[in-house]
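Enquirer: here you go, sequence then predicted model.
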Amino acid sequence: MKGVAADPVAKRTRGLDRAFEILEFLRGRRQPMRPNEIASAIGAPRSSVYELVNLLLRHGMLEYSGGDGRVFLGRRLYFLGTAYSAQFDLMRECAALLERLAEETRETSQMCMLDGNKYTVAMMREGVRTFRISSDVGELVPIPWTASGRLLVSHMSDAEILDFIPPGDFILPNGRELDPAQFIAEVRRAMADGYFTFNSTVENFTYCFAVPVFQADGVCIATLCLVTPREDGLRHRDPYLGSLLTAAGELSEQLGYLAADKGSRRPAGAGALRPAGEPARRKL
C-alpha cells in the first residue's frame, strides 16, 4: 500500500520535470513551436506534452504565438523574472556596473554566467560607438567558445571540467577542434592572471575581455566582459582591463569576497583582482 500511495507523488514529480523541460526547450529554440514538434524533439509522449502544454497555457507560463497551434514562453514568466531580479542583488548591482563600463569604454559590456553546462549572457549594455557589437541575452553557447568560459569552470578539477563539458562543445564554430588539454591550460592561466582575453571564436573581427566575479567562498560565479572591435580592443587593452577589474572587484566585495584574504577565501591558483591603476602586463 505504501508503494501505491507514493505513485501519485512520483507522477507529479515526473510531470514537473517534463514541464520544466518544455520551458527550457522553448527557451533554447527561441521560437514558437507546435506541441507535437516539442514532443518529438524532447523524446516525450505526445499525450503527456499536450496535457502539460495545456496546463502551462492555463497558468500563463506559455502563450499561443505564431498561429497554427504554436506556443511560446508566456508573459507570466516575465513577471516572475522581474520579481527574481528585484531580489537578486547580483543582477541589480551588475546593471549599474555595466552601464558604467559602457560609458567609460564606449564598448558593449556584459555579465555572463553558466546555465547548466553552457555559457550565457545574462545581462548586456550596448556601447555608444556607431559600430555596435551585441549578443542575444539568454542564448546558450558552448563554454570553450568563450573567454568567460575559462573563468567560470576554474573552480573545478581537470577531471570535473572534462566531465562537465560535452565533448562536442570543443568543436569551434570554424570546425576546428580545441584540444581539451589546451582549454584546461587556458583555464589555469586565466585564474592565475585574473582575467582572460582573446579573439572571439564566435564573431569575426571582435576581441573579448572577461574578468571573474567571486562569491564569498572564492568561486567565480559570473564574469564581467567587454566585446570590442578587434583593433580597438588591442589598442586599449590595458585601460579596458583596468575598468573591468575595478568593477569586478567592487562586485566581488559586495558578495563577501575579500581579495586581501587570499589564503582562505580563494581557490588555489586564483589570481588576485588587480586595481584599475595596475592593469595586467602580460602581452598577447
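Expert: Okay, I see it. What you see is a predicted model, and the numbers here were worked out from it, not measured in a lab. Numbers count the residues shown, from 1 in each chain.
Enquirer: from now on I want contacts and neighbour counts done on CA atoms only, so please keep to that.
Expert: OK.
Enquirer: report the buried residues of the longest helix along the chain.
Expert: When the chain is parsed with DSSP state H, its longest helix is helix 2-29. Buried residues in helix 2-29, defined by neighbour count with 16 or more other Cα atoms under 10 Å: 15, 18, 19, 22, 23, 26, 27.
Enquirer: got it, and stretch 219-229?
Expert: Buried residues in stretch 219-229, counting neighbours by 16+ other Cα under 10 Å, are found at 219, 220, 221, 222, 223, 224, 225, 226, 227, 228, 229.
Enquirer: quick one on the thing from earlier: lowest-confidence member of the buried residues of helix 2-29, which is it?
Expert: The member of the buried residues of helix 2-29 with the lowest pLDDT is residue 15, at 79.
Enquirer: who does residue 121 form a beta bridge with?
Expert: The residues listed as beta-bridge partners of residue 121 by DSSP bridges are residue 112.
Enquirer: how many neighbouring residues does it have?
Expert: Neighbours of residue 121 under the rule other Cα atoms under 10 Å: 23.
Enquirer: make 33 the first number, not 1, from now on.
Expert: Sure thing, new numbering starts at 33, so read that last one as residue 153.
Enquirer: quick one: residues contacting it.
Expert: Contacts here follow Cα atoms under 8 Å, 6 or more residues apart in numbering; on that basis residue 153 touches 142, 143, 144, 145, 167, 168, 169, 170, 171.
Enquirer: buried members of these into ChimeraX, please.
Expert: Buried subset of the contacts of residue 153, written as a ChimeraX selection, criterion 16+ other Cα under 10 Å:
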select :142,143,144,145,170,171
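Enquirer: closest one of the contacts of residue 153 to residue 275?
Expert: Nearest to residue 275, judged by Cα to Cα, of the contacts of residue 153 is residue 142 at 13.0 Å.
Enquirer: distance of that closest one relative to residue 128?
Expert: Counting by Cα to Cα, to the nearest Å, the gap between residue 142 and residue 128 amounts to 11 Å.
Enquirer: helices along the chain, start to end?
Expert: Under DSSP H, the chain gives helices at 34-61, 67-74, 78-90, 107-119, 121-137, 179-184, 190-196, 212-225, 262-267, 269-286, 294-297.
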